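In: Below: sequence and its predicted model.
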Amino acid sequence: MSSNQPPPLVDYNLFDADLPLREAFEREGASWAHEQVQELGRLAGTQQAIDWGFQANANPPMLKTYDRFGDRIDEVEFHPAWHELMKVAIGHGLHGLPWREPRPGAHAARAAGFYIWSQVESGHGCPVSMTYAAIPTLRKQPALAAEWEPLITTLEYDPGLRPPSTKKGVLFGMAMTERQGGSDVRANTTRAVSVGSDGEYLLTGQKWFCSAPMCDAFMVLAQAPGGLSCFLLPRVLPDGSRNQFHIQRLKDKLGNRSNASAEIELEGAWAVMVGEEGNGIRTIIDMVNHTRLDCVIGSASLMRQAVAQALHHTAHRSAFGKLLSDQPLMVNVLADLAIESEAATLLMMRLAGAFDRAADPSEAHFRRLAAAVAKFWVCKRAVIVVAEALECHGGNGYVEESILPRLYRESPLNSIWEGSGNVNALDVLRAMHREPDTIAAFFAEVETANDSRLDRAVNSLKRDIASSDDVESRARRMVECMGIVLQASLLLRHGDPAVADLFCSSRLNGEWGHTFGSLPSGPKLKPVIERHRPRF
């Protein structure tokens, strides 16, 4: 080992090393899946898995529009490492565990597994997430669900474009946004023309962002005569011919480079309507909400991996006569980062638990609001957490041989996908206005904790919500406060007491600056670091 360089962070179990996750895992009723998620944690720490992540990003997917005979095939080729990552994800049910094993704690168990395996490589999580999210929307058309769900919930990763009936398992994608509208999907111009009495349509138009175009089928929004509607569009038709789904180009993206995102054109592509004509947004919203959960999980995962790397590096690197992890100012930075990561992990798992318990009206109301709040807040925090963790490494973190540049490029993604910050902030306002029970359920959850600092913050938040003056202009600030008080309440009830106290002192009580590393000093900081430091 080179002088004053840390050993590689390898051959450790990411689940065993994450105490806040393990505690939340038990609390949310997922203990029956302990062995499965622990095994994922072991795999995620191996050199082989780490290599797969680097290889998949160094060799991004390539589009093959035509075969050697000049026939259009619209196929995407991936590096073998991508397929290995997918094989593990699908084999451990990260695409469908709650539907395959519908028991208490299934969404929480799946969330923990997705969080663990995403720390190896984030890009391949996109088709895994959309496949998981497709089933609630599919179930609005029982005949389609009966046909597709058995293929979705298998543990077989079976890539390649072939008739679904000949495959061991399938993946689902999504195509909603268009050039002229973006998040304003009601402005979509893709047209759907009925061609039969069984809900069959031909779709014509362009989609600006089609996630994971190599998937077997897609949920697509298009304008039918009765308004914007939702459709299931397969890539390969039952007779083996390719549907009229043409990939124009793959996006050259900032991050998420292992995954294919495409611009596509539909030229009379065959599809089947899902749900009622004109109710496209209402039909697909369940898919959107489940992918929003995964945006929160993915951001919490990025934070955890970045913080683990920073804690490991500073525990083995010396400067000015001391280990970095013993330098008082670095101790403050590391503890602050660890607190932020723990808060994100607890919120992620509580939200997953709400998905498990959504049959309870109070949990369903809480989920409706908390999903948008967490999507806004946790996804935004990931960017600055990863940046600060990178700085803890100095120049060592700025080179591609470390994982930090990849984490940094990936960190803005989840705040953009499935609705940017503004879209989610406005969704919170919409939910509170249209469904007052959601805000009642939110405060019922938050006010379960007992702390004077939290009480003051909650009372201030309630005054802000009650005021109708310039409410849209204030929406970001309001939703930020909602995210912070929810995290504070969760930490006070379920987190480490030192972490909860430091979080409340800094985030609620104003004993904090504008950067990480400005916590109140004291003896609590070092134990917080030790609670989060990964160990071999």
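Out: Now that the structure is in, tell me what you want to look at.
In: Check the burial of the closest residue to Ser506 other than its chain neighbours by counting its neighbours.
Out: When the adjacent residues along the chain are set aside, Ser506 lies closest to Trp512, with 3.6 Å between them (C-beta to C-beta, 6 or more residues apart in numbering). For every residue, glycine as well, the C-beta is placed using N, CA and C. In terms of burial, Trp512 registers 18 neighbours under the definition other C-beta atoms under 10 Å.
In: any idea where the strands of this protein begin and end?
Out: According to DSSP state E, the chain carries its strands in the segments 62-66, 72-77, 172-175, 191-194, 200-211, 217-224, 227-234, 245-250, 261-274, 318-319, 322-323.
In: what's the closest of the ones you listed to Asp437?
Out: strand 227-234 (25.9 Å; C-beta to C-beta).
In: Tell me the strands beside that closest one, with direction?
Out: Each strand that strand 227-234 pairs with, and the sense of that pairing, follows from DSSP bridges: strand 217-224 (antiparallel), strand 261-274 (antiparallel).
In: Report the angle between the first one and strand 200-211.
Out: Counting by axes from the mean of the first three to the mean of the last three C-alpha atoms, to 10 degrees, strand 217-224 lies at 120 degrees to strand 200-211.
In: Strand 217-224 to strand 245-250, inter-axis angle?
Out: Going by the same axes, to 10 degrees, strand 217-224 is angled at 100 degrees with respect to strand 245-250.
In: Of all the strands of the chain, which one is nearest Ser301?
Out: strand 200-211 (18.2 Å).
In: so how far is that closest one off the chain centroid?
Out: If you compare the mean C-alpha spot of strand 200-211 with that of the full chain, they lie 24 Å apart, counting by C-alpha atoms, centre = their mean, to the nearest Å.
In: and that strand, which strands flank it?
Out: Taking DSSP bridges as the criterion, strand 200-211 sits next to strand 172-175 (antiparallel), strand 191-194 (antiparallel), strand 261-274 (antiparallel) in its sheet.
In: in the longest one, what's buried?
Out: It stands for strand 261-274. In terms of neighbour count (16 or more other C-beta atoms under 10 Å), strand 261-274 has its buried residues at Ser261, Ala262, Glu263, Ile264, Glu265, Leu266, Ala269, Trp270, Ala271, Val272, Met273, Val274.
In: Without its sequence neighbours, what residue ends up closest to the residue nearest the centre of the chain?
Out: In the chain, the C-alpha closest to the average C-alpha coordinate belongs to Cys295, at a distance of 2.3 Å (C-alpha atoms, centre = their mean). Spatial nearest neighbour of Cys295, excluding adjacent residues (C-beta to C-beta, 6+ apart): Asn414 at 4.0 Å.
In: Settle this for me: the one you found is touching Gly298, isn't it.
Out: Yes. With contact taken as C-beta atoms under 8 Å, Asn414 and Gly298 are classed as touching, separated by 5.0 Å.
In: picking that back up, quick check: the farthest pair among the buried residues of strand 261-274?
Out: Comparing every pair within the buried residues of strand 261-274 by C-beta to C-beta identifies Ser261 and Met273 as the most remote, at 25.5 Å.
In: Asp501: what's it in contact with?
Out: Lys524 (C-beta atoms under 8 Å, 6 or more residues apart in numbering).
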